[in-house]
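>>> how would this look folded up:
(one chain, ligands or ions: 1)
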Amino acid sequence: MRDFAIMMGSAPVWRSWEHVLHSVRTGEPAFDHVYGVPVFEHYARDPEAAAVGVAGLHSRSVAENDAVVAAVDLGDARTLLDVGGGRGSLVRAFLAAHPHLRATLFDLAHVVRDGEEDERLSLVAGDFFAAVPGAHDVVVLKKVLHDWPDEQVTTILRGCAADLPGDGRVLVVENLVTPGNTPSFAKWLDLLMLVYAGGRERTEADFRALLAEAGLALRRVVPTATGISVLEATHA
Ligand SMILES: C[S@@+](CC[C@H](N)C(=O)[O-])C[C@H]1O[C@@H](n2cnc3c(N)ncnc32)[C@H](O)[C@@H]1O
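You can find the predicted model right below:
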């Protein structure tokens with residue numbers, strides 16, 4: 001939790017909470033109000049802040065990856081694409097568990113680092129609002145959709161569905177908001193997404209509807225011991 005704790009106490013997160021009232025009044029991210037640009041644009045311009053953010057998310061991922069890999073039956077899949085995969089710890093966990101698999105890690109240019117590819121892992125830098133690398137049997141989106149409002153989520157999902165083979169799968173990995181007024185990590189994360197990224201956490205029904213907008217059908221939901229769930233979708 002060390003790097004995640006450092007990230008939570010770093011200026012971009014801390015100052016967003018400081019201005020939570022702005023978000024409550026407007027529904028807009030406090031981050032943009034404080035910094036004048038959305039969070040990922042800020043990180044692209046400030047490598048020091050970006051390094052803290054990327055390390056924080058990486059450390060959370062490391063704690064979740066094994067449970068996510070164990071929750072997924074890859075079947076005959078030979079290729080996997082991790083969209084917004086950050087430093088690539090999840091994609092490497094999939095590769096370690098499935099020796100026949102090849103994978104592509106896709107993220108913004110300042111996140112994807114040169115020199116970390118090998119014969120089974122390709123790195124691609126780009127913008128998922130422009131295009132997503134095509135033709136992979138399985139496309140994974142872990143904690144990516146929660147950064148964005150519904151309209152952008154639909155755009156990202158359509159990009160992922162565009163070149164998905166007929167029997168391909170999209171795996172959305174997120175903390176699901178459970179019904180009722182009971183405490184849950186996803187509800188706290190929902191507030192963080194509001195102040196910091198302008199996104200939100202969602203219920204299973206929310207994801208089912210967003211996937212349908214992109215021509216995808218939610219086939220099953222696999223909860224994991226870490227609290228994060230894997231939502232599996234195919235072409236509708
Ligand atoms: C919350 S992080 C999740 C990272 C990783 N999947 C994980 O679970 O730790 C969201 C990721 O989306 C990436 N991202 C944001 N905007 C993007 C864009 N327009 N195109 C590609 N990746 C983007 C960020 O750089 C970041 O790595």
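>>> For the ligand, what's the nearest residue on this protein?
G84 (3.0 Å; Cβ to the nearest ligand atom). No exception for glycine: its C-beta is placed from N, CA and C like everyone else's.
>>> Next up, the contacts around that residue.
Contacts for G84 (Cβ atoms under 8 Å, 6 or more residues apart in numbering) come out as 106-107, 128, 141-144.
>>> Pipe the residues you listed into JSON lines and attach pLDDT and secondary structure per row.
Shown next, in JSON lines, are those (pLDDT from 0 to 100; DSSP: H, G, I helix; E, B strand; the rest coil):
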{"residue": "F106", "pLDDT": "97", "secondary structure": "strand"}
{"residue": "D107", "pLDDT": "95", "secondary structure": "strand"}
{"residue": "F128", "pLDDT": "98", "secondary structure": "coil"}
{"residue": "L141", "pLDDT": "98", "secondary structure": "strand"}
{"residue": "K142", "pLDDT": "97", "secondary structure": "strand"}
{"residue": "K143", "pLDDT": "95", "secondary structure": "coil"}
{"residue": "V144", "pLDDT": "97", "secondary structure": "coil"}
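>>> which two of these lie the greatest distance from each other?
F106 and K143 (14.4 Å; Cβ to Cβ).
>>> the more surrounded of these two?
F106 (25 against 22; other Cβ atoms under 10 Å).
>>> Other residues contacting the longest helix along the chain?
Criterion DSSP state H: the longest helix present in the chain is helix 47-71. If you take Cβ under 8 Å, 6+ apart as the criterion, helix 47-71 is touched by 1-4, 6-8, 10-12, 39, 42-44, 86-87, 89-90, 93-94, 97, 110-111, 142-143, 173, 222-226, 228, 230.
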